[in-house]
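[1] prediction below, plus the sequence it came from.
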Amino acid sequence: MAIITPKRFMQIIYSLIRAKKIKLLFKLPYVAALNIIKDKISKRLTLGIGQLLITNKCTLKCENCTSLIHHYTNQHDLHESNVINDFDAFIKHIDFVYTIHVLGGEPFLHRSLDLIIRHIAQYKNKYGLLQVITNGTIIPSEKVLHEIKTFLMRNKPGNLITAKGMHNYL
């Protein structure tokens with residue numbers, strides 16, 4: 001069995017796309033679970049990171065985008081009811097996730113990000129940190145800012161929402 005680095009994996013994917021040997025199919029909804037830890041003693045399922053993709057709309061066309069957003073021809077948001085249903089299906093099968101990433105494209109472009117944040121906040125005992133992964137080009141709407149403020153006021157210390165930029169290649 002060969003082990004390849006994430007960088008080499010992305011290089012292979014890009015070369016296959018360029019050679020038209022594979023085609024990207026944007027299949028929303030998408031929840032990825034990274035760093036799965038199954039505690040053999042307590043039988044708890046703990047994840048390091050859970051990722052919730054809510055849109056493939058983006059304001060940038062980064063050549064090295066880890067989400068391959070610039071390869072999608074049809075940019076759209078996933079309807080909030082689908083996002084919420086997928087998140088519910090994901091969260092009910094785990095005991096705890098240390099970090100939840102809400103991402104896209106650019107999540108601040110999603111028309112219902114405020115509702116999604118409000119829904120995720122209901123499960124505050126099932127995760128440690130909520131991060132909205134952004135490229136920093138969009139000022140959040142008043143509705144989203146209000147929901148973030150509400151989230152911060154209602155949650156225990158250490159259970160915060162943060163905006164974290166992922167794009168290093170502009």
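    Sure, I can see it.

[2] quick check: bridge partners of the closest residue to residue 107 other than its chain neighbours?
    Leaving aside its chain neighbours, residue 107 sits nearest to residue 132 (5.2 Å; criterion: C-beta to C-beta, 6 or more residues apart in numbering). Backbone N, C-alpha and C define where each C-beta goes, glycine included. Residue 132 forms beta bridges with residue 102, residue 163, as assigned by DSSP bridges.

[3] pLDDT score for residue 132?
    Predicted confidence (pLDDT) for residue 132: 88.

[4] do residue 141 as well
    Predicted confidence (pLDDT) at residue 141: the value is 91.

[5] next one: residue 109
    On pLDDT, residue 109 comes in at 95.

[6] torsion angles phi and psi at it?
    In terms of degrees, to the nearest 10, the main-chain angles of residue 109 are phi -80, psi -20.

[7] so the residue nearest to residue 107 makes contact with residue 108?
    Yes - in this structure, residue 132 is within contact of residue 108 by C-beta atoms under 8 Å, at 7.3 Å.

[8] now do the residue lying closest to residue 95 once chain neighbours are set aside against residue 126, distance only.
    Spatially, and ignoring its direct neighbours in sequence, residue 95 is nearest to residue 44 (4.1 Å; C-beta to C-beta, 6+ apart). Note on residue 44: its distance to residue 126, by C-beta to C-beta, to the nearest Å, is 11 Å.

[9] which helix or strand lies directly C-terminal to the lowest-mean-pLDDT helix or strand in the chain?
    Within the chain, no helix or strand scores below strand 30-38, which has a mean of 48 by mean pLDDT, DSSP states H and E. Moving toward the C-terminus from strand 30-38, the next helix or strand (DSSP states H and E) is strand 45-53.

[10] who touches the closest residue to residue 77 other than its chain neighbours in this structure?
    In this structure, residue 77 finds its nearest non-sequential neighbour in residue 55, 4.5 Å apart by C-beta to C-beta, 6+ apart. For residue 55, the contact set (C-beta atoms under 8 Å, 6 or more residues apart in numbering) comprises 75, 76, 77, 78, 104, 105, 106, 107, 109, 110.
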